[in-house]
Every structure is written in structure tokens, then in C-alpha cells.
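Engineer: I need the structure of the sequence given here:
(chains A and B)
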Protein chains: 2
Amino acid sequence: MTYPNWLTQRAYVTGNQLALSFDEDNWTFAEINAIALDYAGKLAHFGITEQSRVALLAKSNAEAVFVMYGCLHIGCEMVMLNERLAAAELAYQIKDAGVDQVFVDAKLIEKVSSAKPVSFEQLKQAEPAEFNLMAEWEKDRTISIMYTSGTTGQPKGVRQTAENHFSSAVSSALNLGIAPDDVWLCTVPLFHISGFSILMRSLVYGMGVRLYDKFDASSCAEELCKGHVTHSSMVGVTLDQVLREIEQRELRVSSRFKQILAGGGPVPVSYLQRAEAHGIQVLQTYGMTETSSQTTTLQPADAKTKIGSAGKPLFLYQVKIDGANPGEAGEILIKGPQVTPGYIGRFKERTVQQDGWLATGDIGYLDAEGFLYVVDRRSDMLVSGGENVYPAEIENVLMAHPSVREAGVCAMADSKWGEVPAAFVVLEDPQMLEELADFCRGKLAGYKVPKLFKLVDELPRNASNKLLRRELKKWL
Amino acid sequence: MTYPNWLTQRAYVTGNQLALSFDEDNWTFAEINAIALDYAGKLAHFGITEQSRVALLAKSNAEAVFVMYGCLHIGCEMVMLNERLAAAELAYQIKDAGVDQVFVDAKLIEKVSSAKPVSFEQLKQAEPAEFNLMAEWEKDRTISIMYTSGTTGQPKGVRQTAENHFSSAVSSALNLGIAPDDVWLCTVPLFHISGFSILMRSLVYGMGVRLYDKFDASSCAEELCKGHVTHSSMVGVTLDQVLREIEQRELRVSSRFKQILAGGGPVPVSYLQRAEAHGIQVLQTYGMTETSSQTTTLQPADAKTKIGSAGKPLFLYQVKIDGANPGEAGEILIKGPQVTPGYIGRFKERTVQQDGWLATGDIGYLDAEGFLYVVDRRSDMLVSGGENVYPAEIENVLMAHPSVREAGVCAMADSKWGEVPAAFVVLEDPQMLEELADFCRGKLAGYKVPKLFKLVDELPRNASNKLLRRELKKWL
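Structural biologist: Modelled structure (predicted):
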């Protein structure tokens, strides 16, 4: 089964509608399709075909969208690299993915210089070559690949197929509703599923995207008031910052603005109430890279009685708790067409679905009415300013230091970022404690480097010697 | 690949939303799901399982919906019988489909008495038995079967799968938009795809349906003014009647009412202008039983410049003209997940898709901007008060009369029904002309019995002796 090429189809059926807005520029679907066709030719100039896998390292700007849409026309797979990662982390992903070519925003070229990248500037200047336009997309074709860590601490490249993205977009539409003049404000990174899924929704719905290359509370608050945008995606901390701007500057949110999707864990009820006071609906959502974004959402109407809940599954999805009696906690399992078929690279052979069910590693329960509560995140993951941080990955880096005998990382509350990592270490030489932050830098993205290092005699472990990261939190 | 049972899922995720409204009664999704579970047990009482195929003959009322939704829970296939058909026509379909059981509205029982039907009254009284709830639906599972004629004049049972209905609902949503409080006014028959697709959209969207057991211009006009309904499906003649009611009674259409989907051929521009004057958007649409309703629609913004066009394909669909150069007319071919996988019964082996493309038998062309124009309907089909009428089927019946040597049927304009059939006959005994209407009754539904019989010496035929029905029209 196939889809008609989404970009071609959008240019055909709603060519005059707004597709993208960035800085002062706007593009309709017909215009962005023409640009994407040009970029497809430029990519072909560098030998890219539908058999290729490319890596993209870019700021979330219009140029990045042109390159991505060019890739869609060619039909190659895109590995989305996180611009905040350290050079060593990027090198791992590029190698693991076995990409044919890395395309990089000129500003970021230093980070991947060893991979012999092609800069966006070179790409733009290239003479377009002939290429095969992917007129139809197989449903199981991989569109994007995003790396995510987990229990092992080793990042795994997650495949997201055309059907994954389509199902995610449709399920969201069946939940939120859609209107032909919707415009989604995107201030989250395009290399994350939170941002890339907005582009996918744009193509599936024929919806405009107002794009920013980074989150800025002041501009974001202003956008909500201008009357152009109708939706946005945030996490608790960014929502709070936007609300503060609105409150302090006494801004008036446009009646055209409808909803904010809030991921990254429960949003405090006080934030919801403040948002409501400005006519903003906040839908809390639970999802992950392996489920191409949202799987459950909590309706505003339920938010005050179901505090801390992640809501109910979207229409096409199922959620159950592994082996638990009703109301009991256990591992959260997810089934639906949004679930990844699997990984690439060294984890290619790992099974991700069992009878169609994805084991998330997250712990949760369903209440009597079927509302999901996530009580413990997989691998004690923490969310720092919207970025997922996996303690095991940081511990692995720390353990590589000659003096570190044991390392345990957990979340620490932070007023600006929501959470930041804190490290507890057992050292051969206690004096080395001060070196550890420097040791981590260059090996880990800045947001993963622990903000606190604490020397201890031993780490809390269970009977089978497994590190109890939850216990660490109590030591803070 | 599967869907979660749509009814179960709707009762779970939007259980408190309006599902159905009929006469003075309303049911939420939770309520109608409970009724459907009860009906599933009652159907099981009569031996119905997921292996069964049942035929339903009913008025389009709430009880019919309960039985249909009970069937969805059991997972049996439903053959939708048209209550306006004659006994002989019904007997043909029941036999061809090889159904396990016929369930019939008590008022219609005479029509199918030879098939030993179970009346809805008996069904309602039955003690529910245990049954296997279909918790998940295979995408390629046949949900409904509807008979449609065509060139041969022999009705063929068209299968409509879960994916056909889902894709149709989603494509329509991506075109029209959807909102959580939408309510669709359904005055078209549930046994036709125009009506049944409204029920399917209701389940997929979580949308309310305001159901009438027959079209009545006066009530329909009032519904548009009450502020409860947001959408409706009509054909040109019914739209005209509703507009007349609004105009003559100086009614005021509610601002909550959004759109009318108009099928059954181009709607005169004057109707569109009258609708617009009352704030009603009319979207003309082209589709058929084999495509689970709409395949293309014409946006109101294009209706005045693209007069007579059926618009552009919905997002998931492709339309092309067989073997024609750009702008030239030819057979219309359709591809997409809404296209039936095939027929049942005696036409079971007939191939309906060639490389995924359905040959519609309709003739049309695409203009330079890709707008579809249908210039000639397959088999010279005519549309009488929303019912498709196939000349070949009527000609077959006429030819069975001992005195009829040749028969040709074509469309005749009619102020009430839009079109009605007219018959031209070559007779052994001219005196038999007056008998022919009586001869047809009992063998054909009333709306198929020609309103005019005309005696001629010979019929217009081409070189290979094929009847030229278009020539007949000129004789009227």
C-alpha cells in the first residue's frame, strides 16, 4: 500500500495555502514544493537516490525544511542529528547509521568535520541533477531516523515510517480537530519528533507552520497574541515562561489561538489554571521517539480531576499495563500504527514489538476509567528543557574516567530547565571530583553534563546489585 | 494490521459525546456501545458469529443503527438491502450474497418473507447469548456489502472493508476539517454508501449523527436553523427543496451550520448562490459505492470558476484519465485506500483493480489545473431523487416481456426527482405498450419503473450494434 507523495499532493490540492513561515518569509505549498523539487535535484548532484541514507545536522530554520522536503522527493532516509550533541556523540550516530552523506548547516560544520560533510551552502550552489521523483510512498518506507538512548545508555537509531507519521498526524487530528486555516507555532527542534511531527502534520493536513530556530519566551508569547497561529507544542518549563511573559506584559492572547500540546511529563495544575485564564487550552501528552510523538493526551476538561495523568490513548492506539491487575502499576505497553518497526545500526536485530506491542520501559497504571498515569520513566529518564536525558548514558561516560569506581546519575529540580542531571560518584582519588565536569564536556552535549557532582562512599543498590537511581534522588 | 474496535474505542475515549440522535432520543457513545453489546448478544442468539454474513433490510432509524453496531461488535459482514427494491430484486441479492440470515424491520417483512427472515422485533426480544467481541478489526475485513448495477444490468455486491471506510472518513476530515462538536444531519439512506459513510465517520471522528428515516425538506430546513447540526449530505434536487423552504419561510440558518456535501452530479450554480446567501457552503463531490463515497470534491471557492467540475481528489486519492492526453476525455481511473477490493457472489472473481487503479466506467477529463470534469456517467446511469438508476437493468426486465423486441432506457428531466427513466421500445404487438409499467412493477423498485414508454420502429445503434442511449435523449 502506498500514499501519494504528500508534498506533490499538497501542491496539487491546496497549493495556495500557507505551508511555512520563518522570519519575514512565507511559502505556500506550491512554492515550497517547487523549492523542494530544486533541492531534490541538488541532492541528486551529490549522488543521493532513494537508496541513500543521509544525515542532517541543522538549526531548525527554513533552509533545513527545504533540505528535508528535497529528501522526501528523492525518497532517501534522513538521520536527524541533534545540533546540541558533542562531536563524539555525533560521530557515533553517523557511524552507526552508516550514512552515505552528511549535510550540515555551515554554522555547525566543525562538529562533524571528520565525516566529510557537505554544507548547506555547497548544496544550495550545486547544479541540480536529474532524479526519480518518488511519486508514491510505500507505507513502510522509513522517512526519518532519530537516536534515543534508554536503559543501555547506548543511543539507538529509531526508524519512523511514512505510516508511523501519517497515523500520528491523523490520530492527533481526530483528537484535537483540524481546520483548513490552522497554523502550528513550532519552537521545538525539527530534529526531535516533537518538531518533525509538526512538519508531517503540516503535509498531511495542509496546515501552515510558523517556525522559529529556537525557543524564545518573548517572541512565543507575542505569536500567541498576533492571531496567526492556532497551536503550539511546549513542555512545562517553556509553558511557564510563555505564561510569565503574557502575565508580566499584560498581553492578550488571540481568540484564534486554540491549543498547546504539552509533553515531557505532567504540567503543574497552577500552570493549567494560568493558561486557562488566558483562554489557552493545554493538552498534556505522553509519547516518545518510538511512537512518533503523542500516544495519549489528557483533555483540558479532565485535567483538574485527573491530576498527573497522561490521559487516554488516541483513537488508533491501545495502551495496557504488562501483567498488572486493574489499577496496579507495571510496564506500559503500546500498540498502534505509530509504533516504530525497529532500529537501525547495531540494534537493527533487536525486536521492538511483541505481538504488535511496544514495551516502553516506563512504569505506569490505568485508573478505573482508563486514564494513564506514568509513575516512573524508563531508565529514570529526566527531561531538561525539553531534551530527554538518560542517566545510564552519562554514567557510561563517567565510568570511563580512570578514577571513577562507581557512578550514579539522577534528576535534580531546576527552576530554569525543569530538571538537570546530578551525579554521585565513588572515586579512587577524591581530588578528581573537580575534574569530572571537564571530562564530560566534549563527550556529552552540554545539557547532559551533570550540574552537581557529589562524592559518596557507595551507591544505593538492590539485592541483585542494580543501581537504585530513585534512592539517589533522596540524597539530594 | 488492525484497528481497535471503533465502537469500544469511542466509548472509552469520548464516551460522553453525542453519538446518535433520532426523533426525541439521544445516545452518547457509551450508551450506544452498551446497546450494541446487547444487540451483539441477541445476534449471537440466532447463531451469528464473526464468520457470518447477514442481510439487513430496514428503514434508516435508530433501531437499524443498533443492529448494525451489534454486527460490528460480532464482526459479521452486513449486506445492506435497499428498502425500496422490489421483492424479486431483494431475492436476487439475498441469494447472490449467500447470507446466513436476513434481519428485517417488521414493517418490511413482506418483501423478504421467502428468505425466512428474523424481524427486528424478534431480535429485540431475544435472550442475549455469549459472543466473541471483535476487540480488533483487521484492516481488510469486510464490514459492509452494497449492491450496485452497471453496464451489465446485473447488480454486483461491492465489499467495503474497514480500511475503505477509515480512509474515506479520514480523507474527508483532511478536506473539510473536523471539530469535536460536529454533528452530521443524515437524511440519506443508511443502506447507501452516502448514509452508511456518515455512521462510519461518526465512529472514526467521535461525531454525532442526527438521523431521519426519510428526507423531508421542511424538517431538514429547520434542522439547519436549530444550531445543533453542522454538516449534511444532499443531492441537487434535495438541496433545492431545502433552500426553497428556507427562502419561502424566511428561515435563518444557524451560524453553527458549516457545510453540505452534494453528490449525484453537478449542482446548478444558481443553487450554490442561493445557498451562499444563507451562509451555507456546498461542496460538490464525486464518488461511488466502489470508492466508499467521496473521491473528489469541489471547494466552494472554486465552484464559480470551475462550473460543472467535480473538483480535485482528496488527499489520499489519485485520479487519472485512461490513456488520454492532458485535457482529453477518457475513462476515469481512481486509486487509493478507499477503493473496494472486489465483489462477492457471482462476480467474486471479477478483477476490480488493475495495478491499484479502479476503472470507473465513467468518462471525464482533467483540466490544466487538475480539476476533474465528469462528462458521461458509466452505463448512462441516471440519478433519481438520490438513487442511482442503471438503464441496462431496466432494459433487461423489459426484454423479458414476450412482446418486447428491443428496449432502450435513458434519463428524462423531472422537476421533483431531478431525473426519471424513460423507455423506448420496439414491440411485436403495439397494444402491449400500456402493459409495460405494470409488468415492471414487482420486478423493479418503483423509482426504476419508467415514467414514460414510447413506441418506436428501431433504436439508435452504432456500427457494432451497440445501443446509443445518448441518442435516445434527443428523441425525448
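
Engineer: name the residues of stretch A:252-265 that are buried.
Structural biologist: The neighbour-count check on stretch A:252-265 (16 or more other CB atoms under 10 Å in any protein chain shown) flags A:253, A:254, A:257, A:258, A:259, A:260, A:261, A:262, A:263, A:264, A:265 as buried. For glycine as for every other residue, the C-beta is placed from the backbone atoms N, C-alpha and C.

Engineer: which residue sits closest to residue A:441, ignoring its sequence neighbours?
Structural biologist: Ranked by CB to CB, 6 or more residues apart in numbering or on different chains and with sequence neighbours excluded, the top spatial neighbour of residue A:441 is residue A:449, at 5.9 Å.

Engineer: contacting residues around that neighbour?
Structural biologist: Residue A:449 makes contacts with A:394, A:421, A:437, A:440, A:441, as judged by CB atoms under 8 Å, 6 or more residues apart in numbering or on different chains.

Engineer: show the buried residues in those.
Structural biologist: Neighbour-count burial (16+ other CB under 10 Å) applied to the contacts of residue A:449 gives A:394, A:421, A:440.

Engineer: tell me the least confident of these?
Structural biologist: By predicted confidence (pLDDT), the lowest-ranked of these is residue A:394, with 91.

Engineer: how much space between residue A:387 and chain B?
Structural biologist: Between residue A:387 and chain B the distance, using CB to the nearest CB, to the nearest Å, works out to 30 Å.

Engineer: and the nearest residue to that residue once chain neighbours are set aside, how many neighbours does it have?
Structural biologist: Taking CB to CB, 6+ apart, and ignoring the residues beside it in sequence, residue A:387 has residue A:447 as its nearest neighbour in space, at 5.2 Å. Residue A:447 is flanked by 18 other residues according to other CB atoms under 10 Å in any protein chain shown.

Engineer: what's the answer for the one 10 residues further on, then?
Structural biologist: Burial measure for residue A:457: 6 neighbouring residues, criterion other CB under 10 Å.

Engineer: need the contact list for it.
Structural biologist: Under the contact definition (CB under 8 Å, 6+ apart), the residues listed for residue A:457 are residue A:426.

Engineer: ok, the closest residue to residue A:348 other than its chain neighbours - contacts?
Structural biologist: Spatial nearest neighbour of residue A:348, chain neighbours left out: residue A:342 (7.0 Å); criterion: CB to CB, 6+ apart. Taking CB under 8 Å, 6+ apart as the definition of contact, the neighbours of residue A:342 are A:159, A:348, A:350, A:351, A:352, A:353.

Engineer: hang on, the earlier thing: spatially, which two of the buried residues of stretch A:252-265 are the most separated?
Structural biologist: When the buried residues of stretch A:252-265 are compared pair by pair using CB to CB, the farthest-apart members prove to be A:254 and A:265, with a separation of 27.7 Å.

Engineer: and the longest helix for chain A?
Structural biologist: With residue count as the measure and DSSP state H as the assignment, chain A has helix A:29-45 as its longest helix.

Engineer: now do residue A:157: how many residues are near it, please.
Structural biologist: If we define neighbours as other CB under 10 Å, then residue A:157 has 25 of them.

Engineer: I meant residue A:458, not that one.
Structural biologist: As a measure of burial, residue A:458 has 10 neighbours, counting by other CB under 10 Å.

Engineer: so who does the closest residue to it other than its chain neighbours touch?
Structural biologist: Using CB to CB, 6+ apart and skipping the chain neighbours, the partner closest in space to residue A:458 is residue A:426 (6.2 Å). With contacts defined as CB under 8 Å, 6+ apart, the neighbours of residue A:426 are A:404, A:405, A:406, A:407, A:455, A:456, A:457, A:458, A:459.

Engineer: okay, residue A:426: pLDDT?
Structural biologist: On pLDDT, residue A:426 comes in at 93.

Engineer: can you name the next helix or strand after the helix or strand harbouring it?
Structural biologist: Residue A:426 belongs to strand A:418-427 when assigned by DSSP states H and E. From strand A:418-427 onward toward the C-terminus, using DSSP H and E, the following helix or strand is helix A:436-440.

Engineer: all set, thanks.
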